[in-house]
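Novice: the following comprises the amino acid sequence and a computationally predicted model.
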Amino acid sequence: MKLFLFASLLLGAPAAWAQTAPAMPSATASAAVVPYRYCALVAYGPYFSLPNRLVLDYGQEVIGAPIEPEMAGMAKNISGSRSVIDALSYLSRHGWELLNVTNAQSNINGNSTYSSHSIDSETRYLLRRRSQ
């Protein structure tokens, strides 16, 4: 009797633990997924208080890119700012969230004879927001 009970439990166990196939998303569910838009705030140079060193890159230089008046207005407001913090706060108020920060050297100038070097660098702040 114990053997019969044990065998019936073993036969029923795989069916209880089996996985079911995930449900395929419907057309309405896939339409509800909203993709993200990305942009980069680029700060040129090592100094924080110089004017015209902030640039908003949202893909405007790509051939065939659509004209986006909202992004062009944001880029104009940011280019006049001297503060990265102010520019990031401005973008945050418009729904952008910071994802990543990258610092890259773009050029090294100098003379090894006199050991004076200057390094041109840029800092890129990658941001995203849901498309509207």
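Specialist: Sure thing, it's come through.

Novice: next helix or strand past the helix or strand of the chain with the lowest mean pLDDT?
Specialist: When each helix and strand of the chain is scored by mean pLDDT, DSSP states H and E, helix 27-32 comes last, with a mean of 53. Note on helix 27-32: by DSSP states H and E, the next helix or strand toward the C-terminus is strand 36-44.

Novice: please enumerate the strands of the protein.
Specialist: Secondary structure of the chain (DSSP state E): strands at 36-44, 54-57, 97-111, 116-130.

Novice: which elements pack onto the first one?
Specialist: Yep, that's strand 36-44 we're talking about. Secondary-structure packing of strand 36-44 (3 or more C-beta pairs under 8 Å, 6 or more residues apart in numbering; DSSP states H and E): strand 54-57, helix 84-93, strand 116-130. For glycine as for every other residue, the C-beta is placed from the backbone atoms N, C-alpha and C.

Novice: what comes up buried for the first one?
Specialist: Just to be clear, that refers to strand 54-57. Buried residues in strand 54-57, defined by neighbour count with 16 or more other C-beta atoms under 10 Å: 54, 55, 56.

Novice: quick one: contacts for the second one?
Specialist: Applying C-beta atoms under 8 Å, 6 or more residues apart in numbering, we find residue 55 in contact with 41, 42, 44, 75, 78, 79.

Novice: kindly give a single PyMOL line that selects the buried subset of the residues you listed.
Specialist: PyMOL command restricting the contacts of residue 55 to the buried ones, with burial defined by 16+ other C-beta under 10 Å:
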select buried, resi 41+42+75+78
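
Novice: just send the contacts of residue 55 back as JSON lines, with pLDDT too.
Specialist: Conversion of those to JSON lines gives the following (pLDDT from 0 to 100):
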{"residue": "41", "pLDDT": "93"}
{"residue": "42", "pLDDT": "91"}
{"residue": "44", "pLDDT": "84"}
{"residue": "75", "pLDDT": "92"}
{"residue": "78", "pLDDT": "91"}
{"residue": "79", "pLDDT": "87"}
